[in-house]
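> Generate a structure from the sequence data that follows.
(2 chains)
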Amino acid sequence: MHSFGYRANALLTFAVTILAFICAIASFSDNFSNQAPSAQIQILNINWFQKQPHGNDEVSLTMNITADLQSLFTWNTKQVFAFVAAEYETSKNTLNQVSLWDAIIPEKEEANFWIQISNKYRFIDQGHNLRGKDFNLTLHWHVMPKTGKMFADKIVMSGYRLPNAYR
Amino acid sequence: MGLIGETIDSIKSIQIRQLLTQAISLGMIVTSALIIWKALMCVTGSESPVVVVLSGSMEPGFKRGDILFLRMSKDPIRAGEIVVFNVDGRDIPIVHRVIKVHERENTGEVDVLTKGDNNYGDDRLLYAEGQQWLHRHHIMGRAVGFLPYVGWVTIIMTEKPIIKYILIGALGLLVITSKD
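Numbering: from 1, shown residues only, chains lettered A, B, ... in the order given. The predicted model follows:
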């Protein structure tokens, strides 16, 4: 009952149980943080707007993205993954979401940022429905913890419109 | 030397009834592990409720050796979700983020494009020949939580199977030689 084997076994079981419990509490504490992020996106320029050889519309645009995501960081946060997606509706598809830009924010200090950039990923439609299309730009964020449950949310900004003709 | 002498003594003094009892307890442990696994599959709605991260394509968020908890629901698949999917013909599941979604009006079918956070390009190179989009039936679950480092046990046992055999052999020996 007091051999080395039994003692090692008891110690290991206890250590693993306590570790699992601590991870669960750390994750649970994330529920109590007050989160008040803010963001603004401005489209500076539509660089070009064309119909591809295989029939799909493609747009390239330059955006000005300002955001303050500092309140999302807790002590249990490893990184915040932020991305901007264009969301719109077409006659064939009820919902289209196309990610235009994303960034990994590893620290709280870097979460208050301003960036001017053209779309990192190609904005291509399934079809040629983009002329004169109204769309929303949504800033999504995904809080990835050091351990436990992940949280995601978004801010929807509407009122953007693509030009009526190719250019 | 004393440990080996003790072990040989205890093997000599084995009784059949005791051995059977221990075999049954071992069987109970294995079966309850299986029951817990299947129950998890039911609760989370996913074929594999827990996966181990095998590659570095989602760093620094998920490193090799982390485990992910998955959940699958009828909710539509949206951009930004981290999904686990199987490519036709490959049996290793891939854990990446959804970056494009095109959902059909009437049928609810959806075309999905994924990309690993740490990869330069999207996953079209990983999909099957000629496949441009993932569909709902490819996706096995969404990642909802994770635990760091715990998956290394599985990675070591898969990549160096000799360790698996050593562990099982040692466990078997422990069962046979322990007095209770």
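> Okay, now stretch B:146-154: how far is its last residue from its first?
End-to-end distance for stretch B:146-154: 15 Å, by C-alpha to C-alpha, to the nearest Å.
> Does that stretch reach chain A?
Yes: under the criterion of C-beta under 8 Å from any C-beta of the partner chain, stretch B:146-154 makes contact with chain A via B:Phe146, B:Leu147, B:Pro148. Using the backbone N, CA and C atoms, a C-beta is placed for each residue, glycine as well.
> likewise stretch B:59-66?
Yes: using C-beta under 8 Å from any C-beta, stretch B:59-66 reaches chain A at B:Pro60, B:Gly61, B:Phe62.
> And for the last one, nearest residue in space, chain neighbours not counted?
Residue nearest to B:Phe62 in three dimensions, not counting chain neighbours: B:Val53, with 4.7 Å by C-beta to C-beta, 6 or more residues apart in numbering or on different chains.
> what's the answer for A:Val59, then?
Closest to A:Val59 by C-beta to C-beta, 6+ apart is A:Phe123, at 4.6 Å.
> and what of A:Pro37?
Closest residue in space to A:Pro37, ignoring its immediate chain neighbours: A:Leu69 at 4.7 Å, by C-beta to C-beta, 6+ apart.
> And for A:Phe113?
Closest to A:Phe113 by C-beta to C-beta, 6+ apart is A:Ala67, at 6.1 Å.
> Dig out what the one you found forms beta bridges with.
A:Ala39, A:Phe113 (DSSP bridges).
> Does B:Gly130 belong to a helix, a strand or coil?
Assigned with DSSP: H, G, I helix; E, B strand; the rest coil, B:Gly130 falls in the coil class.
> Tell me the residues on chain B that lie near chain A, please.
Going by C-beta under 8 Å from any C-beta, the residues of chain B near chain A are B:60-62, B:76, B:78-82, B:97, B:99-105, B:111, B:117, B:122, B:143-148, B:174.
> and those residues, which of them are in strands?
B:82, B:97, B:99-104, B:111, B:143-147 (DSSP state E).
> Which two among those residues are spaced furthest apart?
B:Arg104 and B:Leu147 (36.5 Å; C-beta to C-beta).
> The two: which is more packed in?
For B:Arg104 versus B:Leu147, the count of surrounding residues by other C-beta atoms under 10 Å in any protein chain shown is larger for B:Leu147: 18 against 14.
> so how many other residues sit close to A:Val80?
24.
> In this structure it contacts A:Leu69, no?
Yes: using C-beta atoms under 8 Å, A:Val80 makes contact with A:Leu69 at a distance of 5.8 Å.
> Tell me the residues that contact both of these two, please.
Here A:Val80 and A:Leu69 share the contacting residues A:Ile105, A:Ala111, A:Trp141, scored by C-beta atoms under 8 Å, 6 or more residues apart in numbering or on different chains.
> and the first one, what are its bridge partners?
With DSSP bridges applied, A:Ile105 shows beta-bridge pairing to A:Val80.
> Report the contact partners of it.
Counting by C-beta under 8 Å, 6+ apart, the residues that A:Ile105 touches are A:Leu69, A:Gln79, A:Val80, A:Phe81, A:Ala82, A:Ala111, A:Phe113.
> Nearest to B:Gln132 among those?
The closest of the contacts of A:Ile105 to B:Gln132 turns out to be A:Phe81 (C-beta to C-beta; 24.3 Å).
> which secondary structure element contains the residue lying closest to that closest one once chain neighbours are set aside?
Distances taken as C-beta to C-beta, 6+ apart place A:His142 nearest to A:Phe81, at 4.3 Å, with adjacent residues excluded. In the assignment (DSSP states H and E), A:His142 maps to strand A:134-145.
> OK, contacts around A:Asp102?
By C-beta under 8 Å, 6+ apart, the contact set of A:Asp102 is A:Phe81, A:Ala82, A:Phe83, A:Val84, A:Lys120, B:Ile99, B:Asp117.
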